[in-house]
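Visitor: next input, structure requested:
(3 chains)
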Amino acid sequence: MSALGRSFYDRDTLAVARDLLGCRLVRETPGGRIAGRIVEVEAYHGEEDPACHAAAGRTRRTEPLYGLPGFAYVYFIYGMYHCFNVVTRGQGHPSAVLVRALEPLEGLERMRERRASRRRGGAGGIADRELANGPGKLCDALGITLAENRADLTGSPLRVEPDEPPEAVVWTPRVGISVGTDRFWRCFVKGSPHVSRSPWNRVLADRPRPATV
DNA sequence: GTACAGATAAACT
DNA sequence: GTTTATCTGTACA
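Guide: Numbers count the residues shown, from 1 in each chain, chains lettered A, B, ... in the order given. Coordinates of the predicted model:
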């Protein structure tokens, strides 16, 4: 399966977020493929979005957001974890989609080994659904670090492949932010047991897709 | 099952 | 010096 091309990412951020659900995030390693179905994402939309890192303007960290769509934006957070984003839209509009959770599909044992190295319990204690049900966890499972920041997702060992689209999705506010909580820009596959933990998961009513910004 | 404290360092002010 | 798009272990129900 070939990677999604540049034009996929060069669209409205909410549309890219929605269409990433169901796709397969793939990491090629010397030991083989590690991959999972994307089941949860969040949109971060430009300097006018107070929760977007670009709200602080163009800095050393946010530089990738101002670059071409289809490249990775990875940052280090809470002194311990990494978060993986795909850059959307054209240059000059700094927006991206945070990938928050995967349904593990390939290389589950390699995921387990990488995740276990940070824990005390050992590799045996991690259930399949706990391997990548969070933005920090999936970066650990796939071995994504700052070395992958600015990687070209359209032609590299780290890429997104089209797969089965979800039957239904749910929109909620974004997780872990203190501003911009009025925007329902988190989107996940309805009924998936692989999404991250959030009080908003109980909001079962389907929200219509937010208006394009 | 839920609730909370604490870990830990880059980027920014 | 402050903040942070998180996770884990422990405590308790």
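Visitor: hey, what's the most centrally placed residue in chain A bridged with?
Guide: Centrality entry for chain A: nearest residue to the mean C-alpha point is A:Val99, 0.7 Å, by CA atoms, centre = their mean. Beta bridges link A:Val99 to A:Val41 when assigned by DSSP bridges.
Visitor: surely it and A:Phe84 touch.
Guide: Yes: A:Val99 is in contact with A:Phe84 according to CB atoms under 8 Å; the separation is 5.2 Å. In short, each C-beta sits where N, CA and C put it, glycine included.
Visitor: could you count how many residues lie near the closest residue to DNA strand C within chain A?
Guide: Proximity to DNA strand C, evaluated over chain A using CB to the nearest atom of the strand, is greatest for A:Gly176 at 1.7 Å. Neighbourhood size, A:Gly176 [other CB atoms under 10 Å]: 14.
Visitor: do stretch A:132-145 and DNA strand B meet?
Guide: No: Stretch A:132-145 stays clear of DNA strand B (CB under 7 Å from any atom of the strand), getting no nearer than 9.6 Å.
Visitor: any buried residues in that stretch, and which?
Guide: Of the residues in stretch A:132-145, A:132-144 count as buried by neighbour count, 16 or more other CB atoms under 10 Å.
Visitor: can you give me the end-to-end distance of it?
Guide: End-to-end distance of stretch A:132-145 (CA to CA, to the nearest Å): 15 Å.
Visitor: quick check: mean pLDDT of that stretch?
Guide: Average pLDDT, stretch A:132-145: 98.
Visitor: ditto for stretch A:158-176
Guide: On average, stretch A:158-176 scores 96.
Visitor: and that stretch, anywhere near DNA strand B?
Guide: No: shown here: stretch A:158-176 not in contact with DNA strand B (CB under 7 Å from any atom of the strand), separated by at least 10.8 Å.
Visitor: show me the two of the buried residues of stretch A:132-145 that sit farthest apart.
Guide: A:Asn133 and A:Gly143 (17.1 Å; CB to CB).
Visitor: tell me the SS of A:Val87?
Guide: strand (DSSP: H, G, I helix; E, B strand; the rest coil).
Visitor: if we can go back for a sec, got a markdown table for the buried residues of stretch A:132-145, with distance to A:Gly124 too?
Guide: Putting these into a markdown table (distance: CB to CB, whole Å) gives the following:
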| residue | distance to A:Gly124 |
| --- | --- |
| A:Ala132 | 17 |
| A:Asn133 | 18 |
| A:Gly134 | 20 |
| A:Pro135 | 24 |
| A:Gly136 | 21 |
| A:Lys137 | 17 |
| A:Leu138 | 20 |
| A:Cys139 | 22 |
| A:Asp140 | 17 |
| A:Ala141 | 16 |
| A:Leu142 | 20 |
| A:Gly143 | 20 |
| A:Ile144 | 24 |
